[in-house]
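Trainee: please find the sequence and the predicted model below.
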2 protein chains.
Amino acid sequence: MNAAQVVGTLAALAHEHRLRIYRLLVEAGPAGLNAGTIAARLKLLPSSLTFHVQHLHRAGLVTQERNSRQLIYAADYGVMSGLVGYLTENCCAGNSACGPSAGEPRQPVGRRSRAAKAA
Amino acid sequence: MNAAQVVGTLAALAHEHRLRIYRLLVEAGPAGLNAGTIAARLKLLPSSLTFHVQHLHRAGLVTQERNSRQLIYAADYGVMSGLVGYLTENCCAGNSACGPSAGEPRQPVGRRSRAAKAA
DNA sequence: CGTATATTACGAGAATCCGTGAAATATGGG
DNA sequence: CCCATATTTCACGGATTCTCGTAATATACG
């Protein structure tokens, strides 16, 4: 997962409606939900729902499938997994700060060692 | 960590410059970097750097500290830890898709089995 | 005090995003 | 064919964000 894709995924989730849509779809599981149900459950206008759910779809976070007259959306865990992997890798990789306790980071163990530059 | 704060954190990271700033600060470790160094390293205008680094600071992702004439910014792992916790909890909670293997969801209940869209 | 460095604050313009409602497309049934 | 349902597409107004340049503030030092 490269930086550009990470930015896209983060931007897709960085909106109240879209985060709620995604969480609802995650809760619904692989069976997914059709557009109307999502809109009703979240009290969104149909056109607004389309706008946001397609944003999620373009970002790869959500899959789309047609079931006769209805369009079923479901969460695709792969991209989220990649995102979390990227964030943990780049956030906590060397210092294991995002681990169990997440306390003070210790020695940076990155391949670069010019940490102390200020002062 | 509530939804609103998650949205704020995601939005803070959902920008090319800010993600690069944050990664650079993570790499720099707890010693942090001063504003000028960040701007030079990332080839950003000073005013542009302030704009973005303060966005990260407002989101709680970055700490600010003064060292005589310089302002030192450092990554604060706590919020990122909370973000990752929220995402994994809400993304993979029931189905453990983002767990150890983190592959495709292996079709627990649904009759729908067409989620593939490799990232 | 006056000068130099480091950083932030302010303001204008362009670009993008978002909410809303009306019209259009796709599917199913009489 | 005509109608009903489900969803999307489109156009538009308003709000927010981003970039950039310049001015202002904080600190250090002679």
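Mentor: Great, that's in hand. Numbers count the residues shown, from 1 in each chain, chains lettered A, B, ... in the order given.
Trainee: angles on the backbone of the residue nearest in space to the middle of chain A, please.
Mentor: In chain A, the residue lying closest to the centroid (CA atoms, centre = their mean) is A:Met80, at 4.7 Å. Main-chain torsions, A:Met80, degrees, to the nearest 10: phi -60, psi -40.
Trainee: my read: it touches A:Leu61, true?
Mentor: Yes. Shown here, A:Met80 and A:Leu61 form a contact pair, counting by CB atoms under 8 Å, at 6.4 Å. Where C-beta positions appear, they are placed from N, C-alpha and C, glycine not excepted.
Trainee: tell me if the worst-scoring helix or strand of chain A on mean pLDDT is near chain B.
Mentor: Sorting the helices and strands of chain A by mean pLDDT, DSSP states H and E puts helix A:77-92 at the bottom, at a mean of 86. Yes. Counting by CB under 8 Å from any CB of the partner chain, chain B is contacted by helix A:77-92 at A:77-85, A:87-88, A:90-92.
Trainee: among those residues, the buried ones, what's the PyMOL command?
Mentor: Entered in PyMOL, the line below selects the buried ones among these, by 16 or more other CB atoms under 10 Å in any protein chain shown:
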select buried, chain A and resi 77+78+79+80+81+82+83+84+87+88+90+91+92
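Trainee: quick one on the thing from earlier: which residues do A:Met80 and A:Leu61 both contact?
Mentor: A:Thr9 (CB atoms under 8 Å, 6 or more residues apart in numbering or on different chains).
Trainee: could you look up the SS state of A:Leu71?
Mentor: Secondary structure assignment for A:Leu71 (DSSP: H, G, I helix; E, B strand; the rest coil): strand.
Trainee: show the contacting residues for the closest residue to it other than its chain neighbours.
Mentor: Closest residue to A:Leu71 apart from its sequence neighbours, by CB to CB, 6 or more residues apart in numbering or on different chains: A:Ala35 at 5.1 Å. By CB under 8 Å, 6+ apart, the residues touching A:Ala35 are A:Pro46, A:Leu49, A:Thr50, A:Val53, A:Gln70, A:Leu71, A:Tyr73.
Trainee: now, of those residues, which are buried?
Mentor: Of the contacts of A:Ala35, these count as buried by 16+ other CB under 10 Å: A:Leu49, A:Val53, A:Leu71, A:Tyr73.
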